[in-house]
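> can you look at this prediction? I've put the sequence above it.
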There are 2 protein chains.
Amino acid sequence: MKSAAKAQQAEDSAETGAQQIRDAIREAIVERRLSPGTKLSESDVGNLFNVSRTLARAALQALSYEGLVSVEKNRGAFVAYPSPDEARQIFSARRLVEPGILREAAARITPDDIIHLRQLLLEEGRLMSERGQTARRAEIKASGDFHLKLALISGNSIMQRFMEELVARSSLVIALYGQSTASSCGHSEHGDIISAIEADELDRACQLMLHHIAHIEADLDLRERKSLGLKEAFEL
Amino acid sequence: MKSAAKAQQAEDSAETGAQQIRDAIREAIVERRLSPGTKLSESDVGNLFNVSRTLARAALQALSYEGLVSVEKNRGAFVAYPSPDEARQIFSARRLVEPGILREAAARITPDDIIHLRQLLLEEGRLMSERGQTARRAEIKASGDFHLKLALISGNSIMQRFMEELVARSSLVIALYGQSTASSCGHSEHGDIISAIEADELDRACQLMLHHIAHIEADLDLRERKSLGLKEAFEL
DNA sequence: GTGCAAAACATCGTATACAATCTTGCCGCC
DNA sequence: GGCGGCAAGATTGTATACGATGTTTTGCAC
């Protein structure tokens, strides 16, 4: 069923090939298989996916629009390395939009949606208890999917796309500045939010959401690394 | 000084050439020199700017990501023709984010910013009283610049970029579905919002903003055009 | 005259080739 | 021994070429 839903979203699939590469790289970034600062040369990407530099370039450009990759003129593309200031802006943006999305979602939510949300939660909890890299990665994605699903329910595809960007970039920020072992979101907080929605306590749901975002942000260590451009090289 | 600030933003300028084309086309779309549905073939764009299809394609792809251009596989790129539903989503998104931006902006606003905002207003008013196509186009842009400036003041570059997209797409929607001769925003409403900010009446400012957006949307005729694919051909 | 089919055309999708720019290592000179 | 310039290598920027796909037109059969 999942694959069916995915196929629906991908429509007739294939799209333009570059999209596939873009999605693959994005997934790798979000799941933190690619670390911030990693160089993504056009040739390497092209070779990796067995396509020409043209397509690799297109994919990297697209990712640069989403803020996941930064391309420097005549120097190349790198997995984005968000500054502490950027990180703050990302979470500021989330605080700004997510309550609104939540309200719109609550107004249109169906019983089926709630079932789906609870399923996501279950899956998330299951992954949380598991060990291993792959489980951890899946958990990261599942945790973001909760927020994305809310955006989907809200019925506003523009906000949905925007949230996709914010969630993806959040993952980068957490990878860089996260401290605790808890990869991303407090699991129980998601459940509380759903319960509040079910109980039609909208204001409380929004408060919970804000609290939840603050909770994630509080786990970050956003002290400024002193402008060490060379620091990036060390990270490799 | 304006040019200095602009130069700073454009950094060492030139960027990659494709950006220039993208910006040129975007400006043309926002100022409504290009109508929704207009075909933008890669070859034509390339010839027009004396560059190869490669760059033209890159520019069109970028615009497609912003929602200003829709590219159809193996068919070509067209100036976006937002559906009534898309139009509603755009304004829904604006209602969702602009109050938040306003609040953040109000928290960081400086006297200089207010002066600048009032200058924008003056310019807008001046253009409003003028006749002629060019004045009308400039007015459209000036009207959007007010909202953009607020996003700039908010200090969140992510929300700023998002607002740029929303304002640009709004221009498309108004071009398609706008009824009154008033090109875009009620001029006085902008002034009221500034006054409310100055008076530190934040809640009132937000209310005014929501009212303002509703006012723009109310001027639209969002009745569904019955699936006339050929209609597009007529527009050419 | 109408409808279908096939070919010609136009346009996009992708690959490859060449030019421009930056980095890097080397060598001579101070 | 250190510093500056120069040249080689690598990487991106842009253009052109060829193949794939869709659209239109034309011609033939009914």
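All right, it came through fine. Residues are numbered from 1 along each chain as shown, chains lettered A, B, ... in the order given.
> tell me how many other residues surround the residue in chain A positioned nearest to DNA strand D.
Closest to DNA strand D within chain A is A:Gly76: 3.1 Å, counting by CB to the nearest atom of the strand. Bear in mind the C-beta positions are built from the backbone N, C-alpha and C, glycine included. Other residues within reach of A:Gly76 by the criterion other CB atoms under 10 Å in any protein chain shown amount to 15.
> check A:Arg57 too.
19.
> over to the one 3 residues further on?
Residues within reach of A:Leu60, counting by other CB under 10 Å, total 25.
> skipping adjacent residues, who's closest to it in space?
A:Ala77 (4.4 Å; CB to CB, 6 or more residues apart in numbering or on different chains).
> count the residues that sit near A:Leu48.
Neighbour count of A:Leu48, defined by other CB under 10 Å: 13.
> distance of it from A:Ala59?
Distance of A:Leu48 to A:Ala59, given as CB to CB, to the nearest Å: 11 Å.
> which parts of chain A are strands?
Using DSSP state E, the strands assigned to chain A run over residues A:39-40, A:69-72, A:76-79.
> winner for burial among those?
Stretch with highest mean neighbour count among the strands of chain A: strand A:76-79 (a mean of 20; mean count of other CB atoms under 10 Å in any protein chain shown).
> can you name every helix or strand that that strand contacts?
Where contact means 3 or more CB pairs under 8 Å, 6 or more residues apart in numbering or on different chains; DSSP states H and E, strand A:76-79 is packed against strand A:39-40, helix A:53-65, strand A:69-72.
> of those, which approaches A:Ile115 most closely?
helix A:53-65 (33.5 Å; CB to CB).
> report the closest residue of chain A relative to DNA strand C.
In chain A, the residue found nearest to DNA strand C is A:Gly17; the distance is 2.8 Å by CB to the nearest atom of the strand.
> which residue, neighbours along the chain excluded, lies closest to that residue?
That would be A:Leu55: by CB to CB, 6+ apart, it lies 5.7 Å from A:Gly17.
> just to check, the one you found is in contact with A:Leu48?
No. Between A:Leu55 and A:Leu48 there is no contact under CB atoms under 8 Å: 11.3 Å.
> rewinding a little: wait, the residue of chain A closest to DNA strand C touches A:Thr54, no?
No. Assessed by CB under 8 Å, A:Gly17 is found out of contact with A:Thr54, at 9.9 Å.
> so what sits against both of the two?
Counting by CB atoms under 8 Å, 6 or more residues apart in numbering or on different chains, no residue touches both A:Gly17 and A:Thr54.
> just the pLDDT for the residue most central in space within chain A.
The centroid of chain A falls nearest to A:Ala168 when counting by CA atoms, centre = their mean (2.4 Å). On the pLDDT scale, A:Ala168 is placed at 96.
> for it, what are its contacts?
Here A:Ala168 is in contact with A:26, A:29-30, A:66-68, A:144 (criterion: CB under 8 Å, 6+ apart).
> sorry, back to before: and for the residue of chain A closest to DNA strand C, the neighbour number?
Neighbourhood size, A:Gly17 [other CB under 10 Å]: 14.
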